[in-house]
Every structure is written in structure tokens, then in C-alpha cells.
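In: Generate coordinates for the sequence data below:
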Amino acid sequence: MEALSKIKIIRLTTFLDFGGIEKRLINISTHQDQNKWLFCALNHGGNAEAVIQNNGKRVICFNYSYRIPSIITLYKLVRFFKKEKPDVVHTSGSEANFHGILAAKLAGVPIIIGEEVGIPNQSKTARIIFSKIYLLTDYIVGNSIEVIEYLRNHNNVSAKKLKQIPNPVIFPELPKSIKTEDGFFNLISVSRLEKVKNIDSILRVVARLIELNLPVHYTILGDGSKMNHLKKMTKELNIESAVTFLGFQDNPYPYLLKADLYLLTSFTEGFSNSLAEAMYCGIPSLTTRVGAAQEMIEDDKNGWIVNVNDDDDLFNKINYIIKIGNHKRMEIAEKGKETVVKNFSLQNHVNLLMTMYKKNKE
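Out: A predicted model of the protein is given here:
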């Protein structure tokens, strides 16, 4: 049985720079087993590429066009898969799914798995196209009930193909406490700075909290296309002294451990790695009602939930969280930590993957 279990797995995504998909692949790359793992990006690499290589895994960034459709990209992928002869091709994200699933099928890959990492913004035509693409797979993975339901209802993926697999979280050793009192109630987000993350809402709420003379400070870890827009917004709201932009950080934990409240305010989300990391740190955490976040958090039990794109709800909830006091906040935060440690370990994630990867190997 052991001889049969050794397999070659190609994980294909669009980029390997930074972001939620990349963080998940970094976490998976730390797993040590006898299988051959190859991590690939249709286009460019970056931070994730370097980290995965440092973890001892093989990485290839093709720098191909990722625009749908690219016949040249498809042709090159088919040739690559035929050369590598993987047992499994597992794609993540729309562009990688489109090109990778087609190429794997044409190359005769034994097991083909697609993965949707969030709720896609698909046109009617795109929904039809991906419905056809997903017919070529053995499984389609989603990291939350919301994503699974989208795939079932909009892409017509059959129930027997759908697999819900939560993202893996690496649980590092943390210092017991590095938080120092600075007189501020410290808010933090770890996020790509893109429209879908709705950081604008937090900035508007910070301005309202300051108007009430509440001593709040908001720190943002992350980079993206909306960086300049958000900096301009802080200036227009006259809250520049209350907001710190730190850019992308390899290790968010030192910053999370100094915070009083973690904020996730996305319009849509699959599984938020940064939310899980914050909860693991024992940081009180608040999320909008999106994706796996609403499955992870039970309001006022192990965290807090607000409505999507609702400044009033966010403002009132943060005001409430400040007023309940540190003892109550930390009770809730501890329950949040228990939730992620129990449900989102790397080993649990890999075990679920292997039930698909080894389908024809047992």
C-alpha cells in the first residue's frame, strides 16, 4: 500500500506572489510527505514563489498570458503536463481553472481537480463556460458552504463532485504577550487592498469613532491597487494620524498580537486566512457575513458578525465591542482561538486532499 501511495501532484494557480491562494499554498508546502509536489503559476511569481522554494518544494512560474482564453497558454500547458506526467492536477482560481483543467484533460492527467477560492463575479456567459469546464473534472473544491452553493446553483456542479475543504492554517508558537498599553483601542486588518475588501467602510467608521472622541487607531497590513485611493481617503476624512499603512508583511503575527480588534469587511470572501490567523492569536475578531467567516464565527460567542457594506452596523458593533471591556472581549477571543485550532489544522486539510488525490491509488 505504501508503494502505491506515492504520487506526483501539480498545484496550479494564476500567480505566486501574495494573497489568500498563495498563503494557502505556502502553508501546504510546509507539509512533509513522500509525494512529489510541484507548485506552478500561469503568470508571475514573487513572495510565495520564494517561500515555497525555501520550503524545499519545486516551483515553476510560466509567465504565460492568463487572460481567458489563451490558446497559446493552453497549448504550452498541455505539453508541460505530458512531459511531467502528474497523477493529479489541482487548479485554483478562475484563470488557472479554465486553462489548467482543459490542458490536464487534453494531456490525459488521471485526476483533475478544480477549486474556486471565493464567490466569482461571473457573467451569464462565464457561468455557462465554467459549467462545461467543470464537467471535465473529478472534483471541484470550495472552502465554504457559500462557495459550494454557488458552484451547485450557478455552475451546475453535481453534488458528488463537490468537496468542502477549509483552508489550512499553520499554528506557530507565539509569545504569551507582547501587547503594551498605548492609550489607543487598536484596530487591524490584514488584507489585499482591493475594492472587494471594502477597507473604505472601515475608514469611514474610524472617522465617526474619532468624532465621538474614542481613541482608536487603525493599522492596515497589505498592498494592492487601492493603496493610493485609501491614502487619499484618509486625508479627505482628516484621519491620517489615526491610520497606519504598513504594506505587505511576511509575518503578520507581531502586528496582530498588538491589536485589540481584527476587522474583515469584504463584500465577498471564500476563506480568510488572515481572519483565522487573528483568531489563532487570541485577538477579538469581527467579520462581515461572508463565506467561511460566517461559519467560523458565532456572533457575540467567539467573535462578531456585521452585515455586508453596512457602515452603521460596523460603527455600532465596534462601539459596542469597545464598551464591553477587555475581560469580556478576551473571553470571546479565547473561544475564537479554540475554534480555529480545532477545525483548521494543516494536517486536517492535507488528509482531506488525499482522499481525492489517491482516488485511483488505493
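In: just for the stretch 251-362 of the chain, where's the confidence low?
Out: Along the stretch 251-362 of the chain, the parts satisfying pLDDT under 70 run over 360-362.
In: what about the helices in it?
Out: Applying DSSP state H, counting those that start in this stretch to the stretch 251-362 of the chain gives helices spanning 253-256, 273-280, 293-296, 311-323, 326-343, 346-357.
In: what packs against the second one?
Out: Right, helix 273-280. helix 20-29, strand 185-190, helix 253-256, strand 261-264, strand 285-288, helix 293-296, helix 326-343 (3 or more Cβ pairs under 8 Å, 6 or more residues apart in numbering; DSSP states H and E). The C-beta positions use only the backbone N, C-alpha and C, and glycine is treated the same way.
In: what angle separates the helix or strand A48 falls within from helix 20-29?
Out: Assigned by DSSP states H and E, A48 belongs to helix 47-54. Angle of helix 47-54 versus helix 20-29, following axes from the mean of the first three to the mean of the last three Cα atoms, to 10 degrees, is 10 degrees.
In: just to revisit the earlier point, wait, which of the helices and strands packed on helix 273-280 is closest to N213?
Out: Proximity to N213 (Cβ to Cβ) singles out strand 185-190 among these, at 12.0 Å.
In: Quick check: neighbours of the closest one in the sheet, parallel or antiparallel?
Out: Neighbouring strands of strand 185-190 in its sheet, by DSSP bridges, are strand 216-221 (parallel), strand 261-264 (parallel).
In: Tell me which helix or strand comes right after that strand.
Out: Next along from strand 185-190, by DSSP H and E: helix 199-211.
In: Can you tell me what sits against that next one?
Out: Residues from elsewhere that reach helix 199-211, judged by Cβ atoms under 8 Å, 6 or more residues apart in numbering: 187, 189, 191, 193, 216, 218, 220, 226, 230, 233-234, 237-239, 242-243, 263, 265, 309, 311, 314-315, 318-319.
In: Next one: the nearest residue to I283 once chain neighbours are set aside from N155, what distance?
Out: Closest residue to I283 apart from its sequence neighbours, by Cβ to Cβ, 6 or more residues apart in numbering: Y262 at 5.0 Å. Per Cβ to Cβ, to the nearest Å, Y262 is found 32 Å from N155.
In: More neighbours: the two, which one.
Out: Ranked by neighbour count (other Cβ atoms under 10 Å), Y262 and N155 place Y262 first, with 26 against 22.
In: Tell me the pLDDT of S5.
Out: Looking at S5, its pLDDT is 66.
In: Kindly apply the preceding question to G183 instead.
Out: Model confidence at G183 (pLDDT) stands at 86.
In: List the contacts of the spatially closest residue to it that is not a sequence neighbour.
Out: Closest residue to G183 apart from its sequence neighbours, by Cβ to Cβ, 6+ apart: P215 at 5.8 Å. Taking Cβ under 8 Å, 6+ apart, we find P215 in contact with 183-185.
In: Most neighbours among those, which one is it?
Out: Neighbour-wise, those (other Cβ under 10 Å) top out at F185, 18 neighbours.
In: Which strand residues bridge it?
Out: Bridge pairing for F185 - DSSP bridges - gives V216.
In: just L12 next, same as before
Out: Counting by DSSP bridges, the residues bridging with L12 are C40, T91.
In: related to what we said a few turns ago, could you save the strands paired with strand 185-190 as a markdown table and add columns showing distance to C281?
Out: As requested, the strands paired with strand 185-190 are arranged in a markdown table below (distance: least, Cβ to Cβ, whole Å):
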| stretch | distance to C281 |
| --- | --- |
| strand 216-221 | 13 |
| strand 261-264 | 8 |
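In: So which of the ones you listed is nearest A126?
Out: If we rank these by Cβ to Cβ, the stretch that ends up nearest is strand 261-264, at 26.3 Å.
In: Work out the gap between that closest one and the centre of the chain.
Out: 15 Å (Cα atoms, centre = their mean, to the nearest Å).
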